[in-house]
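Q: Okay, predicted coordinates and the sequence, questions at the end:
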Protein chains: 2
Amino acid sequence: MDIEMSETVAAVSNVRDAEFPRIHADLRVTFRVKAPTAQSVQVAGGDGLGPGPFVMVRDEEGVWTATTPPVVPGFHYYWLEVDGVAVNDPSSQTYMGYGRPTSGVEVPEPGVDYYDAQDVPHGEVRSHWYFSRLTGKWRQATVYTPPGYDERIEVRYPVLYLQHGAGEDETGWVRQGRANLILDNLIAAGKALPMVVVMDCGYTAPIKLPPGAPFSQAIQKSIESFEAFVISELVPMIDAAYRTVADREHRALAGLSMGGMQALHVGLRHLDTFATIGAFSGVPFEELDPQTAFGGVFSDPEAFNRKVRLLWLSNGTAETRFVERVQRFREILGRLGITHEVYESPGTAHEWQTWRRSLHVFAPRLFRW
Amino acid sequence: MDIEMSETVAAVSNVRDAEFPRIHADLRVTFRVKAPTAQSVQVAGGDGLGPGPFVMVRDEEGVWTATTPPVVPGFHYYWLEVDGVAVNDPSSQTYMGYGRPTSGVEVPEPGVDYYDAQDVPHGEVRSHWYFSRLTGKWRQATVYTPPGYDERIEVRYPVLYLQHGAGEDETGWVRQGRANLILDNLIAAGKALPMVVVMDCGYTAPIKLPPGAPFSQAIQKSIESFEAFVISELVPMIDAAYRTVADREHRALAGLSMGGMQALHVGLRHLDTFATIGAFSGVPFEELDPQTAFGGVFSDPEAFNRKVRLLWLSNGTAETRFVERVQRFREILGRLGITHEVYESPGTAHEWQTWRRSLHVFAPRLFRW
């Protein structure tokens, strides 16, 4: 179970001073946890770590270790199963995923630094408290303000509304996605325009489903309740609290997975509010009727193409079932003559590395009209 | 194990839609977790839940339940022990405590709303990225800007630097302490002046101690490395990035536990930078020599009293050993004729409720000269 410490590095997603998980040069990942009284421990997780779970082996002091095969770069959710109970790794920071705080491991992508903190001006990430009448609750929007926002007080900015996926929340795009660093770097390089990015929680109603109801029903419910919230509360609140350019040409709505479905549902039905829509790995579950889908917006493709500045779709090539759904949606758009752009992230699954890359390609396309 | 759902409420510290932990009207707390394959599960935690651990009882479906006796109000860290392994409760949000993400349960204090979100103007909580040359790392300061900061661009603000305790980080004062809401409410009531509050991480060097070294040695190391960081990096960075009044009269330094010791160590040795110092449940480990302690600042009490605007000490009456240390420090100050103010939080332990109350009493005393 010994591993060469000098040939491996502690993951940056670890808690302060924690030595494990460790990343090997060939992108294998070694996990370790002390659990002297446990009978069995294994590492389990999402798509990104490969076909687990990875059974951990105990040494004589009760320290359990497992090493994965080389993994795809990026951020991967994972957890431990201690005697069959799914728990977090105490060595990892937690990230809201799967509806609860979840461990994560950041595996570097060799030669890639667009989502690293670099020596460039940095925007701020603000937690903005406001009361939502629709939900009857105080909420906190996460708001990225670009470098210089506080100083250039005569400048007004376009706004990208950017949504997380199912089981995540308003912290996901910064903590897992590093959206702020991606924007900092793009803006510093002159590749993206300075913009405000609003990342709020996509859940605007309690999700209580009857036992046995399919997961897609929860997603559908969240998509529908989100619409009124965005149009009647979120956008007006942001336009009042920040120096925005408050028109459709300077608003984009995008999201990943469930957030992508929300972006399509809300954006396409409210083209007077948003001129740009991005769906990362998120398209409708159902076959759509071009005459009625999204309020009938596809029924007149020429009018649609005149009005919409950008309809942008992406997916990772390793997403399995999501690839097919995105492909089918693209085929329908193509058949109808609906102008759209696409991006495919090579080799990545339904994971944050797909969405970091998507944002990195999408953001430079925004607001240049 | 059945409990009356209608006579209990889900803790606000739970993850979205989680029904447990639940708080009873008499402030008992019921914890519940599904762990069908575990052999034993119990709830353990800090001082606040009372003399645990609380053994959980399994039902036939593998759901484990335990109820505490009535507990002291406030925020209490806790964790589960599954077959002897300390893990987080998947139903709870996690909070950085004990050097790792830790579960927490918020127990309401009847009739008390000074740390609740109320219908008043709210400040923003900003995550401010900057590079630290001393540590060689990017850091994120948490910065509270008061309501109106973005609009009243001609106004400059005093600054309270506010530090967390051992094992916590720059997120603690907002997430566990609700510092932003306490300030929002005080400012709205005209009880505190609008101020910027800077909450950064108190760890500015890796803490690597030889095996068996006492915990106090880690604390001492963090206190010393923090001094150069505050004076040469943090304060200049904040004065450059925010509209502060950049003089000693308009800077206060305070903290809790380890952060209180840091405030005394740094503040008392740098009275040209800070005119106000607050130590919440945090005083030196060692008996101090009045002639040499803190750079000899107590050797001329008259000069000290002329120069220092406020030296403020607090503790909870249920803190056991901390009470004695604070008392001893106060006796020394009294004997020397060093002017200082004190606050004692009735019935609270070495816990966040002591520090919320401390901030609530301390903040109104600031910058009124």
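A: Received the coordinates, thanks.
Q: Give me the residues contacting stretch A:311-321.
A: A:47, A:72, A:254, A:276-281, A:283, A:322-323, A:326, A:329-330, A:333, A:338-351, A:353-354, A:357-358, A:361-362, A:365 (CB atoms under 8 Å, 6 or more residues apart in numbering or on different chains). (C-beta placed from N, C-alpha, C; glycine too.)
Q: For A:Asn180, what are phi and psi?
A: phi -60, psi -40 (degrees, to the nearest 10).
Q: Which pLDDT value does the model give it?
A: Reading off the confidence values, A:Asn180 has pLDDT 98.
Q: cool, A:Asp2 as well?
A: So A:Asp2 comes in at 69 (pLDDT).
Q: quick one: low-confidence ranges for chain A?
A: Applying pLDDT under 70 to chain A flags residues A:1-2, A:207-208.
Q: Buried ones in stretch A:84-100, by neighbour count?
A: By 16 or more other CB atoms under 10 Å in any protein chain shown, the buried positions in stretch A:84-100 come out as A:84-97, A:99-100.
Q: actually stretch A:53-64, not the one I typed
A: Using 16+ other CB under 10 Å as the test for burial, stretch A:53-64 gives A:53-54, A:56, A:58, A:63-64.
Q: is any part of stretch A:67-77 close to chain B?
A: No - applying CB under 8 Å from any CB of the partner chain, one finds stretch A:67-77 separated from chain B by no less than 13.4 Å.
Q: swap in stretch A:95-111?
A: Yes - using CB under 8 Å from any CB, stretch A:95-111 reaches chain B at A:96, A:99-101.
Q: Those: which two are farthest apart?
A: Using CB to CB, the two most remote members of the residues of stretch A:95-111 next to chain B are A:Gly99 and A:Pro101, lying 9.6 Å apart.
Q: which residues do those two both contact?
A: By CB under 8 Å, 6+ apart, the residues touching both A:Gly99 and A:Pro101 are B:Val15.
Q: Is it correct that A:Ser103 falls within a strand?
A: Yes - secondary structure of A:Ser103 (DSSP: H, G, I helix; E, B strand; the rest coil): part of a strand.
Q: Just give the closest residue to it, not the sequence neighbours.
A: Nearest residue to A:Ser103, sequence neighbours excluded (CB to CB, 6 or more residues apart in numbering or on different chains): A:Ser92, at 3.8 Å.
Q: wait, isn't that neighbour in contact with A:Pro101?
A: No - between A:Ser92 and A:Pro101 there is no contact under CB atoms under 8 Å: 10.0 Å.
Q: Contact residues of the stretch 151-300 of chain A facing chain B?
A: Proximity of the stretch 151-300 of chain A to chain B, by CB under 8 Å from any CB, involves residues A:153, A:169, A:174, A:180, A:184, A:203, A:206-208, A:241-242.
Q: In helices only, show me those residues.
A: Mapping these onto helices (DSSP state H) picks out A:174, A:180, A:184, A:241.
Q: Of all pairs in these, which one is the farthest apart?
A: Comparing every pair within those by CB to CB identifies A:Asp184 and A:Ala241 as the most remote, at 21.5 Å.
Q: Between the two, point out the one with more neighbours.
A: Neighbour comparison, A:Asp184 and A:Ala241: the larger count goes to A:Asp184, with 25 against 18 (by other CB atoms under 10 Å in any protein chain shown).
Q: mind checking the backbone torsions on the nearest residue to that one once chain neighbours are set aside?
A: Nearest residue to A:Asp184, sequence neighbours excluded (CB to CB, 6+ apart): A:His122, at 5.1 Å. Backbone geometry at A:His122, expressed as degrees, to the nearest 10, gives phi -110, psi 140.
Q: how close does A:His122 get to A:Pro36?
A: Noted for A:His122: a distance of 43 Å to A:Pro36, by CB to CB, to the nearest Å.
Q: how far does stretch A:133-152 stretch from start to finish?
A: 33 Å (CA to CA, to the nearest Å).
Q: Distance from it to the middle of the chain?
A: Distance, stretch centre to chain centre, for stretch A:133-152: 18 Å (CA atoms, centre = their mean, to the nearest Å).
Q: cool, stretch A:236-255 as well?
A: Worked out by CA atoms, centre = their mean, stretch A:236-255 lies 20 Å from the chain centre.
Q: Give me the buried positions along it.
A: So for stretch A:236-255, counting by 16+ other CB under 10 Å, buried means A:237-238, A:241-246, A:248, A:250-255.
Q: out of the residues you listed, what pair is the most spread apart?
A: Of all pairs in these, the most separated under CB to CB is A:Arg243 and A:Gly255 at 23.8 Å.
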